[in-house]
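>>> here you go, sequence then predicted model.
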Amino acid sequence: MKGATDLTKGKIMPALMKLSLPIIATNFISTTYGLVDMMWVGRLGSGPVAA
């Protein structure tokens, strides 16, 4: 395969960063989305937030 990286050879930290950074970014985006959504719904009052 062209452009493939063998993650079983070499140093562990660069391979670990290549695997973990997309997961960390996705988690950050999801958390930010939930926070912004709760701020918008929070403007409606406590009833919609509880729902």
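Looks like it came in fine.
>>> out of all of them, which helix in this protein is the longest?
helix 12-42 (DSSP state H).
>>> report the distance from the helix or strand following it to the chain centre.
For helix 12-42, the succeeding helix or strand toward the C-terminus, using DSSP states H and E, is helix 46-50. Relative to the centre of its chain, helix 46-50 is centred 26 Å away, using Cα atoms, centre = their mean, to the nearest Å.
>>> flag every buried residue along helix 46-50.
When neighbours are counted by 16 or more other Cβ atoms under 10 Å, no buried residue of helix 46-50 is found. All C-beta atoms are positioned from the backbone trio N, CA, C, and that covers glycine.
>>> same for it, what does it pack against?
Packed against helix 46-50, as judged by 3 or more Cβ pairs under 8 Å, 6 or more residues apart in numbering; DSSP states H and E, are the following elements: helix 12-42.
>>> so what's the residue count around Ala15?
Burial of Ala15 is recorded as 15 neighbouring residues (other Cβ atoms under 10 Å).
>>> quick check: closest non-adjacent residue to it.
In space, Ala15 comes closest to Leu7 once its chain neighbours are excluded; the distance is 4.5 Å by Cβ to Cβ, 6 or more residues apart in numbering.
>>> could you list the low-pLDDT ranges of the protein?
Along the chain, segments meeting pLDDT under 70 span 1.
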